[in-house]
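Undergrad: Everything below, folded, please.
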Amino acid sequence: MLRGYRDRADDSLLTLLGDLPELVRNLVTAEVNAAKAWISRTAKDAGIGSLWFVIVLFLLFWAIPVLLAFAIIGLSSWWPAWLSALAVFGFLLVCTVIFALLGLARFRKVMKRQNPGQAVATDVRIIKGDSANDRS
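TA: The predicted structure is shown next:
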C-alpha cells in the first residue's frame, strides 16, 4: 500500500521504526524496477546501434567490388565508365559514413546512461550522509 507524503514530526520512534521495513522494501522494489527499465532501454539501443553497423558492413561489402570495377574500367577507358563507377563508390562511402555515425551516436547514448549500480551507490552514500555536496 503506497502512502502519500505526510508530516512525521509528531510520530513516535516506534512508529518510525515500524515503517522502516516497508520503506526499505519500497526502495528495493523501486531499484529493481529501475534496473529492469535500464536493461530494457540499453538492450534496445544496443540492438539498434548494432543494426546500423550491420548496414555499414553490408555497404562496405559492396563498396569493394565497386572500387575494383572503378580500377578496371578506369584503366580500360578514360571517361564515362570509370567516372560513373567512381560516383557510385563515393555514394556508398558517404552512406557508410552516415550509418557509422548513427551507430556511434546510439552507442554513446547507451554509455551516458546511469546504470542501476550507480543509483544504488548514490542511495548508499545518501543513507550514510556522505552526499555529493560534502565532497570537494
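
Undergrad: Give me the helices and strands touching the strand or helix carrying Pro21, please.
TA: Secondary structure from DSSP states H and E places Pro21 in helix 13-76. Using 3 or more Cβ pairs under 8 Å, 6 or more residues apart in numbering; DSSP states H and E, the elements in contact with helix 13-76 are helix 80-112, helix 116-128. Backbone N, C-alpha and C define where each C-beta goes, glycine included.

Undergrad: Low-confidence stretches in the protein?
TA: 1-6, 71-72, 74-79, 81-82, 130-136 (pLDDT under 70).

Undergrad: what angle do the helix holding Pro21 and helix 80-112 make?
TA: On the basis of axes from the mean of the first three to the mean of the last three Cα atoms, to 10 degrees, helix 13-76 is oriented at 170 degrees to helix 80-112.

Undergrad: So which of the helices and strands packed on helix 13-76 is nearest Leu59?
TA: helix 80-112 (4.7 Å; Cβ to Cβ).

Undergrad: could you dump the helices and strands packed on helix 13-76 to TSV with distance to Ser12?
TA: Output for the helices and strands packed on helix 13-76, formatted as TSV (distance: least, Cβ to Cβ, whole Å):
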stretch	distance to Ser12
helix 80-112	45
helix 116-128	22
